[in-house]
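> Build me a model from this:
(one chain, ligands or ions: 2)
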Amino acid sequence: MADTRIAGVLGRRVWDSRGRPTVEVDVTLRGGAIGRAIAPAGASMGSGEAVDLRDGGAALGGYDVGRAVNAVNGEIAAALAGKDAADQTSIDQIMIALDGTTNKGRLGGNAIVATSMAVLHAAAAANGVPLWQHLARGRNVRIPLPEIQIFGGGAHAARRVDIQDFMVMCPGAASFAQALEWTAEVYLAAGRIMKQAGKLQGVADEGGYWPAFKSNEEALDTLVEAIAKAGFKAGEQVAISLDVAASEFGKAGTYTLALDNRRLDTGAMIAMLGRWLEAYPIISIEDPVAEDDAAGFAAFTKAYGHRCQVIGDDFFVTDAARVREAARQGAATAVLIKPNQAGTITETQAALEAGKAAKFGTIVSARSGETEDVTIVYLAVGWDAGQLKVGSFSRSERMAKWNECLRIEELLGKDAVFAGRAALGFSGQSQT
Ligand code: 2PG
Ligand code: MG
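Ligands and ions are numbered 1, 2, ... in the order given. Here you go, the predicted model:
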């Protein structure tokens, strides 16, 4: 293999899907291989996430990344010069030690994660194989089951409805390509329903329709209607998945549903979700209670973990130790995996491995602020995560990722194995 020692690290400011600045990094190796990656950005963030370094002040709403870019081109470039890009763990350890904080706030989670991913891309390029194949290292991988948003909400739609993501999953699909085709029919049907009702008002941050609904339940009813209008058996072929993102409206055991004008304690919150599980074909619920409510997570999982996947996102913040602890408590059945929550590829992979060791479902996920960077698709396939969450079925920062996964499935041809229903982090059958 060509020389994989790092010759250069170059950071620059580029722009994300919300029109905000973000960090892009190019890593060049002595043998000539090049890797490039862009940091994504969340809106509904867990308090334990790696922290992005932003410039603050009046310009660009305080979101500028001049200091993070300087960190890449200064301290990080100097520390990584001559180091072996093929040794991802050492590269990430160097950056963690250099940063010196527990939340990566000094150099910036955005600076570190973009560099970590760019190093990985460079190593794969030097290896002469696609990144997913570089990560798979000869092991069998599956094409992930996609989780695709139809209506946006919560922090991605000015809190128009409380629930953040109203999504579909296609447990009945035979391939990734078919799952996308089915989802496209549902997305189009939902758009037609919204238009007929005079409620089509554009899209939210991740490309799902703007949620012009009177209640959270109206969004669920409309989603069920869209699945039926598209011609699918709800629950069997196409099922509903929710990201409640409860940390956004709940704290210390109190949940305030603004749209429904209701204030609930943890027990009432769990009971409400339980009623939704009875009434709607839901197979997956993310962050059903707030990140500070471990007992609520355990209670919800005990009550409903046999009939739907229970995903921790803000609850886990892609941290292996938190995943292991929750597994001991029976406090989830799946973990969302976001590289920029952890801050490095090494820590991201550790969280995913902890999830697998606990027999959890593992879902590699995009953020609400995204770009044309499709690294997460390669992570989902190469690490055999089984599930992939990217946002909705519009806007090219989302479609670039779905389309890339489609190409991998095509490339594998008859060897492609679609993860499908079996990838879900619960053993029960979906409700029909
Ligand atoms: C989430 C993500 C993606 P954000 O909560 O799962 O939907 O949102 O990137 O804003 O945290
Ligand atoms: Mg979430």
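
> Can you get me the start-to-end distance on stretch 137-149?
32 Å (Cα to Cα, to the nearest Å).

> That one and ligand 2 in contact?
No. Judged by Cβ under 5 Å from the ion, stretch 137-149 and ligand 2 are separated, with a smallest distance of 10.7 Å. Just so you know, the C-beta spots here come from the backbone N, C-alpha and C atoms, and that holds for glycine as well.

> Would you tell me whether that stretch gets close to ligand 1?
No. Residues of stretch 137-149 contacting ligand 1 under Cβ under 6 Å from any ligand atom: none, with a closest distance of 7.2 Å.

> Report the mean per-residue pLDDT for that stretch.
For stretch 137-149, mean pLDDT rounds to 97.

> in that stretch, what counts as buried?
Buried residues in stretch 137-149, defined by neighbour count with 16 or more other Cβ atoms under 10 Å: Val141, Arg142, Ile143, Pro144, Leu145, Pro146, Glu147, Ile148, Gln149.

> and the second one, what does it touch?
With contacts taken as Cβ atoms under 8 Å, 6 or more residues apart in numbering, Arg142 has the following neighbours: Val381, Asp384, Gly386, Val417, Phe418, Ala419, Ala423.

> Tell me the residues of the stretch 201-350 of the chain that contact ligand 1?
Close to ligand 1, as judged by Cβ under 6 Å from any ligand atom, the stretch 201-350 of the chain has residues Glu206, Asp243, Ala245, Asp313.

> on that earlier part again, of all the buried residues of stretch 137-149, which comes closest to Gly267?
Closest approach between the buried residues of stretch 137-149 and Gly267, by Cβ to Cβ: Glu147, at 27.6 Å.

> so which strand or helix has the residue lying closest to that closest one once chain neighbours are set aside?
Of all residues not flanking Glu147 in the chain, Lys389 sits nearest, at 4.4 Å (Cβ to Cβ, 6 or more residues apart in numbering). When elements are assigned from DSSP states H and E, Lys389 belongs to strand 386-392.

> quick revisit: show me which pair in the residues of the stretch 201-350 of the chain next to ligand 1 is furthest apart.
Pairwise over these, using Cβ to Cβ, the maximum falls at Glu206 and Asp313, 13.8 Å.

> Pull out the buried positions in stretch 171-190.
Taking 16+ other Cβ under 10 Å as the criterion, stretch 171-190 shows 171-173, 175-177, 179-180, 182-183, 185-187, 189-190 as buried.

> Only the C-alpha atoms, please, for it, written as CSV.
The C-alpha coordinates for stretch 171-190 follow below in CSV (Å, rounded to 0.1, in the frame of the first residue of the first chain):
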residue,chain,number,x,y,z
PRO,A,171,-40.2,-3.8,7.2
GLY,A,172,-42.0,-5.5,4.3
ALA,A,173,-39.6,-4.4,1.6
ALA,A,174,-37.4,-6.9,0.0
SER,A,175,-34.5,-4.5,-0.8
PHE,A,176,-33.3,-1.0,0.0
ALA,A,177,-34.3,0.1,-3.5
GLN,A,178,-37.9,-1.2,-2.9
ALA,A,179,-38.0,0.5,0.5
LEU,A,180,-37.1,3.8,-1.1
GLU,A,181,-39.7,3.3,-3.8
TRP,A,182,-42.4,2.6,-1.3
THR,A,183,-41.4,5.6,0.8
ALA,A,184,-41.5,7.8,-2.3
GLU,A,185,-45.1,6.8,-2.8
VAL,A,186,-46.0,7.5,0.8
TYR,A,187,-44.2,10.9,0.6
LEU,A,188,-46.0,11.9,-2.6
ALA,A,189,-49.3,10.7,-1.1
ALA,A,190,-48.7,12.7,2.0
